[in-house]
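Give me the fold of what follows.
(one chain, ligands or ions: 3)
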Amino acid sequence: MKAALSTEHLTVSYDTPQGLVAALRGVSFTLFQDEILGLVGESGSGKSTLALAISRLLDPRRTQVSGKVLIGSRSLYDLSSSNLRHLWWEDIAMVFQSSMNALNPVLSVKDHFADTFLAHRPTMTRTEIRKKTISLLQQVQLSPQVIHSYPHELSGGMKQRVVIALALALDPKVLIMDEPTTALDVVVQHSILAEVAAIQKERHLAVLFISHDFSMVSGLAHRIAVMYAGELVEITKSALATGHSTPHHPYTQGLIQATPQILGGRVRIQGIPGEPPDMSKLNPGCAFWERCSQRLDKCQTLPVPPQNTHTFIRCHLMDSSSSDFSSQSQESQGSSESNGSRGSRGSKEEIAHGR
Ligand SMILES: Nc1ncnc2c1ncn2[C@@H]1O[C@H](COP(=O)(O)OP(=O)(O)OP(=O)(O)O)[C@@H](O)[C@H]1O
Ligand code: SF4
Ligand SMILES: [Mg+2]
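Ligands and ions are numbered 1, 2, ... in the order given. As a prediction, this is how the structure comes out:
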């Protein structure tokens with residue numbers, strides 16, 4: 001498997017009135033070619049910051065970035081601004097959070113596409129642009145007539161499809177989608193997800209798909225990365241994500257248990273108690289410590305070392321010196337499993353460090 005995009009110890013701090021506050025802390029992961037990697041986490045965990053950092057779209061006057069982002073073999077933060085402009089949309093494209101509201105109200109759909117093509121492919125003729133635009137609209141199940149519409153004439157789902165088609169216009173290799181369906185009803189959400197899956201397969205795209213919704217992402221992505229307080233705490237294979245024999249980070253367990261189940265009997269949804277930590281006052285150990293029902297004495301003070309394998313769990317319960325992860329997991333899962341919730345159990349040997 002070839003890497004399409006990778007980060008090495010990517011760290012981002014925002015300049016705030018209280019000083020520099022970290023939003024991303026040492027994030028390392030690889031997105032492979034022809035893969036959908038889901039990224040989940042609570043609001044404020046740093047998902048959009050990661051998306052902006054790997055596109056080099058953060059304002060350098062208000063942010064401090066360190067670490068590496070590699071697109072193929074090119075180091076993003078070492079590129080000149082003209083090389084960066086080529087890379088945007090041609091190598092890496094992004095569907096921003098709430099981007100359907102960013103369509104220009106005074107431009108027709110046709111004009112949005114023409115602007116993009118003329119900026120990057122100035123030799124394209126009007127006829128070629130029109131043909132390519134119609135083909136892109138059809139790929140996202142929109143009729144060719146939409147080409148003449150203005151944003152206010154389109155439904156939310158249609159606008160989101162236009163934005164996805166625009167992101168695909170220059171045949172990028174990597175597509176970052178930040179909550180592309182959050183504002184849509186579940187039926188439209190479902191059909192857009194099916195289209196994203198089909199387009200990814202057909203174009204062999206590498207997709208980073210960001211969402212709050214663990215169950216939605218597990219149905220779409222090949223692997224799921226879980227973010228908490230600016231760190232990746234777990235990467236798991238989606239096929240195993242909700243299996244009964246899969247161990248998970250305690251935060252991932254909380255996300256899974258907070259997911260409503262359609263099948264089975266009535267189940268009390270268990271949220272994750274407490275609030276995400278204040279990023280300006282983190283303890284030196286695990287950021288999840290205050291909310292973790294399985295915490296150990298050492299967790300508050302002893303940093304949990306970062307990992308950069310294809311799948312991992314970053315938690316002191318995985319340390320060989322700690323008491324057995326599986327027995328702790330089973331203990332904490334026992335009550336939820338008995339009332340029908342999907343729990344996660346298993347031994348740490350079951351974590352495969354490979355795809
Ligand atoms: N421009 C900014 N200036 C200062 N702080 C910021 C800025 N943008 C984001 N933050 C802070 O960085 C942290 C991460 O924010 P981010 O938007 O990346 O989270 P998120 O996981 O995408 O959340 P959501 O799910 O709500 O979209 C938050 O604490 C947020 O308040
Ligand atoms: S390191 Fe400790 S506090 Fe953090 S998630 Fe694991 S058990 Fe809980
Ligand atoms: Mg966000």
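
Show me which helix runs longest in the protein.
Secondary structure of the chain per DSSP state H: the longest helix is helix 186-203.

Contacts made by the following helix or strand past that helix with the rest, please.
With elements assigned by DSSP states H and E, the helix or strand that comes after helix 186-203 is strand 206-211. For strand 206-211, contacts defined as CB atoms under 8 Å, 6 or more residues apart in numbering pick out 4-5, 31-40, 47-48, 51, 54, 97, 173-182, 196, 200, 217, 220-221. Bear in mind the C-beta positions are built from the backbone N, C-alpha and C, glycine included.

helices or strands next to the longest helix of the chain in the packing?
Where contact means 3 or more CB pairs under 8 Å, 6 or more residues apart in numbering; DSSP states H and E, helix 186-203 is packed against strand 36-40, helix 156-168, strand 206-211, helix 214-220.

With respect to ligand 3, which of the ones you listed lies nearest?
Ligand 3 sits nearest to strand 206-211 of all the helices and strands packed on helix 186-203, at 6.8 Å, using CB to the ion.

ok now that closest one, how far from the chain's centre?
In this view, strand 206-211 has its centroid 4 Å away from the chain centroid, taken as CA atoms, centre = their mean, to the nearest Å.

Compute the inter-axis angle for that strand and helix 186-203.
Put simply, strand 206-211 runs at 160 degrees to helix 186-203, going by axes from the mean of the first three to the mean of the last three CA atoms, to 10 degrees.

Apart from its chain neighbours, what residue comes closest to Ala3?
Leaving aside its sequence neighbours, Ala3 sits nearest to Thr30 (CB to CB, 6 or more residues apart in numbering; 4.8 Å).

So Ala197 is in contact with Gly38, correct?
No - with contacts counted by CB atoms under 8 Å, Ala197 stays clear of Gly38, the gap being 11.9 Å.

Neighbour count for the two, which is higher?
Applying other CB atoms under 10 Å to Ala197 and Gly38 shows that Gly38 carries more neighbours, namely 26 against 16.

okay, the more buried one: pLDDT?
Listed pLDDT for Gly38 reads 97.

ok, now which ones touch it?
Gly38 is in contact with 209-211, 217-218, 220-221, 223-225, 238, counting by CB under 8 Å, 6+ apart.

What segments of the protein are helices?
In the chain, the segments counted as helices under DSSP H are 47-53, 81-90, 109-120, 126-139, 156-168, 186-203, 214-220, 238-241, 250-257, 325-338.

Comparing these by mean pLDDT, which bottoms out?
Lowest mean pLDDT within the helices of the chain: helix 325-338, a mean of 40.

quick one on the thing from earlier: which one of the helices of the chain lies closest to Pro17?
The closest of the helices of the chain to Pro17 is helix 47-53. By CB to CB, the value is 18.2 Å.

I appreciate the help and will end here.
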